[in-house]
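In: Sequence first, predicted coordinates after that:
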Amino acid sequence: MAIEDEIINISDIDIGTEILNSDKLLIETSNGTKMIAFKDFVVGPDNISSVRQTQIEGGVEGEAETFTDIVTGFEILNNGTTPGLTTQYDQISGTVELGKFNFNAIANLASVSADILQNTSAVNELRTVLDNLAAVLEATTSTALNSITLSTSACNAIVTGAHGGGSTKNSRNVKFTKKDLDPSTTNTNCTVALDPFKITFPNVEQGFVDGTKFMIIGQFTQASTGQGGTRNHPGTITIYKDTSTGSTEIYSNQAANLNRQASSSNNFTAVTKINFGDSLRLVADSPINKGTLDIFKIS
């Protein structure tokens with residue numbers, strides 16, 4: 001038989017349809033051509049690391065770094081993190097837990113949404129009933145009945161994002177950026193302006209009791225003034241009450257200014273009596289850096 005008759009081309013080999021553990025593979029090694037059982041053929045991480053870095057994850061050049069932000073108490077990777085970083089679970093656990101947190105929050109909100117709609121409907125119905133009752137009491141000829149005053153709410157308010165204040169007359173008004181609690185939600189006849197701040201209380205027959213006492217709580221950071229040469233002088237915040245007969249200073253508080261700081265805390269609590277149509281405003285003799293103001297009924 002001629003040698004050429006013994007030559008077998010790869011294309012002449014039968015095509016298999018499966019590989020069994022007992023089958024063998026032909027491999028070329030540094031020590032020559034070898035046979036290896038398929039059951040011993042293992043591809044470890046070292047064999048595919050170059051593929052993972054360059055083809056799957058985009059590759060990392062230099063030392064990889066992680067940067068995070070805290071979102072509702074969870075540590076989340078931000079876009080400052082090295083692109084293509086091979087992450088481990090401890091680096092993305094915050095994202096996973098935040099996802100669980102948001103899922104639970106949404107699920108809970110969905111479960112109470114019907115109650116919210118039902119309660120809103122009930123409140124609106126009660127408002128209609130009270131308005132009708134007030135109209136009947138005002139129209140009745142009975143002296144005992146038409147003397148009844150329906151007091152419905154207290155005009156509580158919370159405003160945040162304080163700024164403004166200064167040494168000149170036109171700059172002293174304190175301003176805010178946000179109503180965390182709009183007083184109109186507790187009495188539709190109570191209004192608040194933010195820039196400059198001014199809260200105006202209801203008038204006669206507007207669901208308000210004349211002579212109601214309110215507590216005022218202020219928490220501010222205020223810049224010091226330049227009085228006394230190079231020494232920093234503590235700033236002052238003053239509360240004014242405007243009435244139909246004029247304006248009155250009802251409370252004034254000076255910042256702590258420990259160790260002659262450039263800015264310091266100015267926190268205070270005051271109580272005042274509010275009559276029909278009164279309004280409150282704040283002035284500061286030096287700039288306000290930040291702060292909040294709470295106003296709520298106590299009696």
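Out: Looks like it came in fine.
In: In terms of pLDDT, where does the spatially most central residue of the chain sit?
Out: With distances taken as C-alpha atoms, centre = their mean, residue 72 lies nearest the centre of the chain, 8.4 Å away. Listed pLDDT for residue 72 reads 73.
In: domains in this protein, as residue ranges please.
Out: 18-56, 70-148, 157-297 (automatic domain parsing).
In: mean confidence score for the shortest one?
Out: In this case it means domain 18-56. 75.
In: Repeat that for the longest one.
Out: The average pLDDT within domain 157-297 is 88.
In: Quick check: residue 176 vs residue 145, distance?
Out: Using C-beta to C-beta, to the nearest Å, we find residue 176 at a distance of 42 Å from residue 145. Where you see a C-beta, it was placed from the backbone N, CA and C, and this is true even at glycine.
In: the more surrounded of those two?
Out: The neighbour count for residue 176 versus residue 145, taken as other C-beta atoms under 10 Å, is higher for residue 176 (24 against 12).
In: residues contacting the more buried one?
Out: Shown in contact with residue 176 (C-beta atoms under 8 Å, 6 or more residues apart in numbering): 159, 160, 161, 162, 163, 194, 195, 197, 293.
In: if you set the cut-off to 6 Å instead, what comes out?
Out: Listed by C-beta atoms under 6 Å, 6 or more residues apart in numbering, the contact set of residue 176 reads 159, 161, 162, 194, 197.
In: Can you name the residues bridging to the fourth one?
Out: In this entry, residue 194 is beta-bridged to residue 197, by DSSP bridges.
In: For the stretch 51-200 of the chain, just list every one of the strands.
Out: 68-71, 74-77, 157-160, 163-164, 174-175, 178-181, 191-194, 197-200 (DSSP state E, counting those that start in this stretch).
In: So which of the ones you listed is nearest residue 21?
Out: Smallest distance to residue 21 across the strands of the stretch 51-200 of the chain (C-beta to C-beta): 42.3 Å, for strand 74-77.
In: Point out the most buried one among the domains of the chain.
Out: domain 157-297 (a mean of 17; mean count of other C-beta atoms under 10 Å).
In: measure it end to end?
Out: 10 Å (C-alpha to C-alpha, to the nearest Å).
In: How about stretch 157-173?
Out: Per C-alpha to C-alpha, stretch 157-173 runs 18 Å from first to last residue.
In: cool, and stretch 219-239?
Out: 13 Å.
In: distance between it and the chain's centre?
Out: 30 Å (C-alpha atoms, centre = their mean, to the nearest Å).
In: contacts for it?
Out: Taking C-beta under 6 Å, 6+ apart as the rule, stretch 219-239 contacts 162, 249-255, 257, 260, 262-263, 266-267, 282-292.
In: Could you measure from residue 108 over to residue 71?
Out: Distance check for residue 108 against residue 71: by C-beta to C-beta, it reads 19 Å.
In: what's the answer for residue 275, then?
Out: Per C-beta to C-beta, residue 275 is found 47 Å from residue 71.
In: Check residue 190 too.
Out: Distance from residue 190 to residue 71, by C-beta to C-beta: 35 Å.
In: And residue 292, by the same measure?
Out: 23 Å.
In: how much space between residue 188 and residue 182?
Out: Residue 188 is 10 Å from residue 182, by C-beta to C-beta.
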